[in-house]
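J.: sequence? don't have it. structure:
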Ligand code: BTN
């Protein structure tokens, strides 16, 4: 393709490397940084994203969002929906999105998304879309509930080929988001939301909530509750699985 494709054996974090390109002025819309090993992979909320060298997909796509920063959920949801779709087609079995940005197969985590933003004033100039997918790894130490594509399908996957497919699908989806708007991605996100309409346990500070997952609103807040609806923003509640 015409996009910059940077593929490294190892790096601290592809998101950090991509951020360096943005700051050096050498990033373009669609630029990819893929690494076969991350020594300091980053997860959501300051967590570590650690994977076996050479086994998984860790990559970042730099984009010009063309949205307002208060529409950040539109970008996240569009990416999540697209990766979920590709994953489902590839494994030939249902995949879901665990709010806000985890990819699930059954009740196990296949991957995650970490988007970092570059703003100038109020202008959302760049987004670095970091995606990690468990591909060929088959043992995960004491991680809670991970699963890889290999464990699901029994087959080895070419990491770079899979990344190319995701990259194309994501850039197409972002074009569609701009041309036709968020509605269909929003509906898709809610349709495939992990544990939707089920009662789950969430933790808010020290409180354990037993509540139903109703869906998300346009801002990406989670709607919960049976008689009375209560919304939670990212980081306000934690899942207890
Ligand atoms: C999460 O589930 O907490 C998000 C995981 C995101 C991991 C990816 S791997 C590529 C990119 N570079 C990073 O350091 N993190 C993201």
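T.: Nice, I can see it. Quick caveat, the model's predicted, so the values are computed rather than measured.
J.: going on from the top helix by length along the chain, what's the next piece of helix or strand?
T.: Across the chain, the longest stretch assigned as helix under DSSP state H is helix 159-180. Per DSSP states H and E, the first helix or strand lying C-terminal to helix 159-180 is helix 183-191.
J.: Which residues does that next one contact?
T.: 74, 77-78, 80-81, 85, 97, 173, 177, 196, 215-216, 218 (C-beta atoms under 8 Å, 6 or more residues apart in numbering). Quick note: C-beta positions are derived from backbone N, CA and C, even for glycine.
J.: if you set the cut-off to 10 Å instead, what comes out?
T.: Helix 183-191 has contacts (C-beta atoms under 10 Å, 6 or more residues apart in numbering) with 73-82, 84-85, 96-97, 99-100, 173, 176-177, 182, 196, 214-218, 220, 223.
J.: follow-up on the earlier one: and the longest helix of the chain, what's buried?
T.: Going by neighbour count (16 or more other C-beta atoms under 10 Å), the buried part of helix 159-180 is 159, 162, 163, 164, 166, 167, 169, 170, 171, 173, 174, 177.
J.: what helices or strands is it leaning on?
T.: Using 3 or more C-beta pairs under 10 Å, 6 or more residues apart in numbering; DSSP states H and E, the elements in contact with helix 159-180 are strand 5-8, strand 32-35, strand 57-63, helix 72-91, strand 123-133, helix 183-191.
J.: Check the average confidence over it, would you?
T.: For helix 159-180, the per-residue pLDDT values average out at 98.
J.: Just confirm yes or no for whichever strand in the chain runs longest near the ligand.
T.: When the chain is parsed with DSSP state E, its longest strand is strand 108-120. Yes - using C-beta under 6 Å from any ligand atom, strand 108-120 reaches the ligand at 112, 113, 114.
J.: ok, these vs residue 204, which is closest?
T.: Checking the residues of strand 108-120 next to the ligand against residue 204 with C-beta to C-beta, the nearest one is residue 112 at 21.5 Å.
J.: Please compute how far stretch 43-51 lies from its chain's middle.
T.: 12 Å (C-alpha atoms, centre = their mean, to the nearest Å).
J.: Could you pull up the mean pLDDT of it?
T.: On average, stretch 43-51 scores 92.
J.: which residue packs closest to the residue most central in space within the chain, ignoring adjacent ones?
T.: Centroid check for the chain by C-alpha atoms, centre = their mean gives residue 113 as the closest residue, at 2.4 Å. Leaving aside its sequence neighbours, residue 113 sits nearest to residue 101 (C-beta to C-beta, 6 or more residues apart in numbering; 4.2 Å).
J.: Specify which member of the buried residues of helix 159-180 is nearest to the ligand.
T.: residue 163 (10.4 Å; C-beta to the nearest ligand atom).
J.: shouldn't the residue nearest to the centre of the chain be in contact with residue 127?
T.: No - in this structure residue 113 lies outside contact range of residue 127 using C-beta atoms under 10 Å: 11.1 Å.
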